[in-house]
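1. my questions are about this predicted structure, shown below with the sequence.
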Amino acid sequence: MKELNITLPVVVKGYDELTSDERTLVEAAQHATAGSYSPYSHFKVGAAIRLADGSIVTGANQENAAFPSGTCAERSACFYAGATHPGVAFEAIAIAAIGTDGKPTAQPTAPCGACRQALLEYEMLAKHPVPVLLAGADEVYIVPSVKALLPLAFTEF
Ligand code: THU
């Protein structure tokens, strides 16, 4: 028998410690929350993806009266990026949220399991780690890759 200990390394930065590229991407995710359609949860999520061609593609959660038909911000952004910039590698992803109180969430918002799997496929297409920046009100968690967020992931594709 043996035991595996899988760790998740996270760099925590204050906003004044972000590089200019990191800050730009986090701000794009924060602005993207304005595109949230969330009349049911009132939880607005924005995601921004920097692509290898320098463009930044954003998305926001889109809910639906038939609840399972809705889509999270991260999948809205990554599928939009895939559809509008086919074959262009992802470089980094940022996620931000406005809570039901109308304020940026104190804690960083992390992607749900389904979004981690969807993002992982784009990271594998990129053939390099894609950092994930999770914005909280005062701090940003920087995870080194999507894979780090999804240990023992399904990668048979
Ligand atoms: N949501 C996202 O868009 N991304 C996440 O990372 C977590 C949750 C959305 C789904 C739903 O529209 C709302 O937030 C509340 O769960």
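-> Nice, thanks for sending it over.
2. contact residues of the chain facing the ligand?
-> 38, 41, 43, 45, 61, 63, 70, 72-74, 109, 111-112, 115 (CB under 6 Å from any ligand atom). Where you see a C-beta, it was placed from the backbone N, CA and C, and this is true even at glycine.
3. off-centre distance for the strand or helix carrying residue 92?
-> Per DSSP states H and E, residue 92 falls inside strand 90-98. The chain centre lies 4 Å from the centre of strand 90-98; the measure is CA atoms, centre = their mean, to the nearest Å.
4. now that strand: mean pLDDT?
-> The average of the pLDDT scores along strand 90-98 is 98.
5. now stretch 22-40
-> For stretch 22-40, the per-residue pLDDT averages 98.
6. list the buried residues of it.
-> Buried residues in stretch 22-40, counted by 16 or more other CB atoms under 10 Å: 22-23, 25-30, 32-33, 35-36, 38.
7. inside helices: which ones of these?
-> Among these, DSSP state H puts 22, 23, 25, 26, 27, 28, 29, 30, 32 in helices.
8. what are the bridge partners for the residue minimising distance to the centre of the chain, then?
-> The residue lying closest to the centre of the chain (CA atoms, centre = their mean) is residue 95, at 4.2 Å. Per DSSP bridges, the residues bridged to residue 95 are residue 47, residue 134.
9. burial of residue 63, as a residue count?
-> By the measure other CB atoms under 10 Å, the count of residues near residue 63 is 18.
10. wait, what's in contact with it?
-> By CB atoms under 8 Å, 6 or more residues apart in numbering, the residues touching residue 63 are 37, 38, 39, 40, 41, 70.
11. now do residue 119
-> Contacts of residue 119 by CB under 8 Å, 6+ apart are 74, 78, 90, 93, 111, 130, 132, 146.
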